[in-house]
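A.B. asks: the sequence and its predicted three-dimensional model are supplied below.
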Amino acid sequence: MTTATPSKLKEFLADAKALVGKDAPDVGQGVRTATWTAIQRLTTAIGDTNRLYNDAAQSVGTIYNTMIAPPSFILAVRTPESGATWEQKEYGLRRFATHMSAEWNDIIRMSDRQVSDLKVSAVRAGKKWGTRETVEVDSTATYKTLGGQVYATATGTVTMVPHEVNGPLLSERGIHVYSDDEIKKLDTDLHAAAKPARGRVPLYWSEVKKGDKLPGPSQGPALLQRPRRVAAG
């Protein structure tokens, strides 16, 4: 990869702004049907043992009458992480997904066909990454049923950082060494996670309020790479 120059960063900013409001050219659709296999691949990848997403026989007896997919399944359909024109030229920039938010108003049932689109929604000069100027690209994904009903939307931000050959690292950090107490707590939390941690149905955003206490994560961060692998098959 070549070293980025200030003029290349400005060139990318101008090129990317021309795509605002248009279809993102660099992120295609992944999963197109919420098959049992696709749902199982995702739940295995993220370590989700909720029976609503794993037990087709038991799910028939719920209000959904079938197995459903976890909310994060939308990321296997399409991830909102467009870099606009980043793949079209050699700008000398590194691309990092730095933010994502999503909202759902319905669930995904097993065998539901998935329709999605992704548009570049904003391009702007970003915050400095150390001493380096950056550009931020927002993209918005819309998820629909085969009949055209929107059931979820997601917006993501990608930060473009200039690459400097033989320059300083983008992030200086050491390797974390876990203490005996931290390892013991992880072991306790992982065993606790094996017990049912949720009710028979997932909670919608309208059923919780700011300040509600949630259990701590014990499976580690849910990395975007995992739904991406499901999308890739």
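C.D. replies: Great, that's in hand.
A.B. asks: tally of neighbours for the closest residue to A38 other than its chain neighbours?
C.D. replies: Once flanking residues are discounted, A38 sits nearest to V31: 5.0 Å by Cβ to Cβ, 6 or more residues apart in numbering. Every residue, glycine included, has its C-beta placed from N, CA and C. Per other Cβ atoms under 10 Å, the neighbour tally for V31 reads 25.
A.B. asks: surely V31 is in a helix?
C.D. replies: No - read with DSSP: H, G, I helix; E, B strand; the rest coil, V31 is coil and lies in no helix.
A.B. asks: show the backbone phi and psi for it.
C.D. replies: Main-chain torsions, V31, degrees, to the nearest 10: phi -70, psi 140.
A.B. asks: got it, and G61?
C.D. replies: Main-chain dihedrals, G61, degrees, to the nearest 10: phi -90, psi 0.
A.B. asks: relative to R78, how far out is the residue nearest to A38?
C.D. replies: V31 is 9 Å from R78, where distance means Cβ to Cβ, to the nearest Å.
A.B. asks: shaky segments in this structure?
C.D. replies: For the chain, the stretches with pLDDT under 70 are 1-4, 166-169, 171-173, 192-205, 214-233.
A.B. asks: which strand in it has the most residues?
C.D. replies: strand 115-129 (DSSP state E).
A.B. asks: what's downstream of that strand, the next helix or strand?
C.D. replies: Once the chain leaves strand 115-129, the next helix or strand it forms, by DSSP states H and E, is strand 132-144.
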